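Asker: structural data only, the sequence is not supplied:
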């Protein structure tokens, strides 16, 4: 009795598994290709995920309007992770098992990509990482993972280099404040590199806890150390509080900031402190001709809410999906993950129309678009002016 | 209803169950759990693993809070200790999982004694706040003890196997976690029917009276902390096996609240209740997702933007509603239902 | 010396917000015997309401506080009626758990109404720095210190001289006896919640205008635990002092030891204090008879 039951169950189980095996490649049918996107749609960092979704949506709409990829339409499948790594894992699991995706374009933050990495590697899932260009993601390199963007390290190095060469007085004292996580570590590396290469005076290095609200003591420490150039590795509201406190103590600073501070809501928080801070970014600023042109072109594809959500993350995710599409297109009718990965590896000087520097993945880290522009805020209208062109650091 | 059913020896009174029917149902459940991987897809299986891990952790918390009456709102700290111990021993020191997982429990249990010591002097709410403070301190230590813990970079787990089970596959992990959950459940059930379990209950009901009856408060309170944190540490270790990448963001304060919600929902002090609570609350987000997708477009911004908040609110409502209307939890509800049918048609 | 003074001043400023939040905890604990884990969320909700008021009516700081307080009190009363009153007679543990559930609900609702983006809180105050001796302050920071002083004084007078305040102390001392003396205990509980919400509103407005208004502001509630533990859970004035002390400890720890120690300095203090003096510095020792 038990035995027959078990046999029946086995048979049922096998039957249930059959459809998945029958399909040649997961996520691809004759008419569509499903592409996944795990992102931060809820919580304080949700402005990132909202922007990413718009980027994917616009790129997919543009590709589909032009006839799709060898006749197949792109369908985006989005999952929220709220910026919590364990939820990123669950989200990708769902995308792989339930939504049956072919490739992954949005990948949330660094720790989140890392949490998804075991699943990505196992499925050989073609993945373009656009919002977490951290060294932990591409070193060691995973065969199916491709990263666009400069590291925070390069961003801070570029800014400090510019400050050292053009803005700071001779013999200025430098200081750093950074978050106590992987992102902060990357910021400190950039600072370290600038200090070493240019022989700068390293006044103080501070770490703060993620989520900290009060930075008064840190500002006092910086003042005591005589800091004149601040590498401000705090983000958004915290970055604003740091500057507010240094302003209170009457400190005259050159400030290098994180690229999240190029976005209008963040600039609005930081500007009142009255520092004309710099940003080093690998993506075009909203006032750049490339970004303006992009907005003009794609307005028809977007709703009011979409337009409001657009920021740097939109542009980079748009570029990411376009690159992915190019690689899939090169596979012809016989679309497989292995072939897509193969073709991603061949991407060379992909032109993103100035949204980033041309992207190449044909290097051993599978990392492209790393050139950085240094921008400076114009406090009067909170817009950003490019001080340099895209440049490798 | 069973009648004429007398318990004549002490052994019968404390037996796990004397009902053949109950044992038969347990056997059926066991068979279903063993066959589950053959019936469902990998995503469902991965949900099942989450449920089982929640069961292990919540049983740990229930022994402390439900059975002994020592409130802890710092469970995320012990989960973090367990997860990091398992991950670091496995990755950096090459321990096999049969050694690293128990070590995760042991270390978590040992560290819990540090929190347990103030518990000898503190009661109720002061203790709750101490456990909260403790979980913040654990987070801090993990972040700053970088040479040992990899600090902010987090830890990757290598592929591991246990007795030929591939723990990086969904099915292998499921069977492994199922085995651990069964062991933990049995251990907890047996503890509760021993002198230790009864001493804990006495402490919960009135610790001074318990002491007057000859229960060594120091010993049993510390034991409750150690045993509870051992299980929670194991649950943390299992979490690290499931996600295979851990960093400190995984162990947020909300985890501690979820753990409390599970035991409130299930029923204080009841192992069966804890299991029900864990199943229900772990699947609640999925349930909300499914229900909501019936009414709103799943890609609609209002839905995606607030699903996390909706989930949080749902947890809160579950806690409040159950405490108000069903303080003995799902297990109490189940007992009521059973009684209703047993007494039918005389039920009121 | 200047370094030390700067640290002290910033410690007092942040300590004032801890003190105000801590007083909210203490008021409820004193009157009802429960720790209200939703105090931080009360702060959050009232701060966001104040934010909406400030943006739509363009009120400056002091009028804004005056307008927000009655609204906060109504919220406190409603929450007590809906969530806490029905639990009367249940074990304390269950009631405390209800406040944890309430906290999660309030947090979710607030974010759903006001969204997850951080805001600059409009205070209408000048951002000119005020120098007191060598030490610079923003105006709003001075308002924070003044508010703590005013609230502390008011609380002292309230508990010392008013009929209601004395009734609350009676309920705290012995609920049964108070009831027999003709004090309506449930009304006292309600008033305690209203007062705690009012204090939370002040703390929320000050915190949001000194730092930022964002969806993580509820965390300020947990951050203020060290203050109230230091002072003793049932000592309202102790909480105010505890807040200042914890603010000082945090900033001095950061200034002289550093490396992010500030964020846990308060919690280390909790653990140490509780090991040495289980009822805080000013809390009443509970004597238990069996």
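Answerer: Happy to help now that I have it. The shown structure was predicted, so the numbers you read here are calculated from the model rather than taken from an experiment.

Asker: burial count for residue A:383?
Answerer: 15 (other Cβ atoms under 10 Å in any protein chain shown). (Each C-beta comes from the backbone N, C-alpha and C, glycine too.)

Asker: which ones are touching residue B:273?
Answerer: Counting by Cβ atoms under 8 Å, 6 or more residues apart in numbering or on different chains, residue B:273 touches B:62, B:263, B:266, B:267, B:328, B:329, B:330, B:331, B:332.

Asker: between those residues, which is nearest residue A:257?
Answerer: Comparing the contacts of residue B:273 against residue A:257 with Cβ to Cβ picks out residue B:263 as the nearest, at 45.2 Å.

Asker: re the thing from before, are any of the contacts of residue B:273 buried, and which?
Answerer: B:62, B:263, B:266, B:267, B:328, B:329, B:330, B:331, B:332 (16 or more other Cβ atoms under 10 Å in any protein chain shown).

Asker: report the two of those separated the most.
Answerer: Maximum distance among these (Cβ to Cβ): 14.4 Å, for B:62 and B:332.

Asker: how far is stretch A:256-276 from where the chain is centred?
Answerer: 18 Å (Cα atoms, centre = their mean, to the nearest Å).

Asker: pLDDT of that stretch, averaged?
Answerer: In this model, stretch A:256-276 carries a mean pLDDT of 91.

Asker: same question, stretch A:110-118
Answerer: The average of the pLDDT scores along stretch A:110-118 is 91.

Asker: does that stretch reach chain B?
Answerer: Yes. On the criterion Cβ under 8 Å from any Cβ of the partner chain, stretch A:110-118 is in touch with chain B at A:111, A:114, A:115, A:117, A:118.

Asker: tell me the one of the residues you listed nearest residue A:265?
Answerer: Closest to residue A:265 out of the residues of stretch A:110-118 next to chain B is residue A:111 (23.4 Å), distances taken as Cβ to Cβ.

Asker: okay, now the closest one: neighbour count?
Answerer: The number of residues near residue A:111, taken as other Cβ under 10 Å, comes to 28.

Asker: what strand or helix carries it?
Answerer: Assessed by DSSP states H and E, residue A:111 sits inside helix A:110-123.

Asker: tell me what that helix is packed against?
Answerer: Applying 3 or more Cβ pairs under 8 Å, 6 or more residues apart in numbering or on different chains; DSSP states H and E, one finds that helix A:110-123 makes contact with helix A:85-97, helix A:135-138, helix A:182-198, strand B:155-156, strand B:245-246.

Asker: ok so, going back, now, the contacts of residue B:273 that are in strands?
Answerer: If you go by DSSP state E, the contacts of residue B:273 have nothing in strands.

Asker: and which of the residues you listed is nearest residue B:26?
Answerer: residue B:331 (15.4 Å).

Asker: who's in contact with that closest one?
Answerer: Residue B:331 is in contact with B:266, B:267, B:270, B:272, B:273, B:276, counting by Cβ under 8 Å, 6+ apart.

Asker: returning to what we had before: need the buried ones from the residues of stretch A:110-118 next to chain B selected in PyMOL.
Answerer: Restricted to buried positions by 16+ other Cβ under 10 Å, the PyMOL selection for these reads:
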select buried, chain A and resi 111+114+115+117+118
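
Asker: what about whichever helix or strand residue B:229 is part of, near chain C?
Answerer: Using DSSP H and E, residue B:229 sits within helix B:217-243. No. Counting by Cβ under 8 Å from any Cβ, chain C is not contacted by helix B:217-243; separation bottoms out at 13.2 Å.

Asker: from the contact counts, what lies against that helix?
Answerer: Packing contacts for helix B:217-243, counted by 3+ Cβ pairs under 8 Å, 6+ apart, involve helix A:85-97, helix B:42-61, helix B:75-92, helix B:97-119, helix B:170-192, helix B:195-205, helix B:207-212.

Asker: pull out the buried positions in that helix.
Answerer: Residues of helix B:217-243 classed as buried: B:217, B:220-243 (neighbour count, 16+ other Cβ under 10 Å).

Asker: for the residue in the stretch 1-150 of chain C that chain A sits nearest to, which non-adjacent residue is spatially closest?
Answerer: Per Cβ to the nearest Cβ, residue C:10 is where the stretch 1-150 of chain C lies closest to chain A, at 3.1 Å. Spatially, and ignoring its direct neighbours in sequence, residue C:10 is nearest to residue A:216 (3.1 Å; Cβ to Cβ, 6 or more residues apart in numbering or on different chains).

Asker: I'm done for today, thanks for sticking with me.
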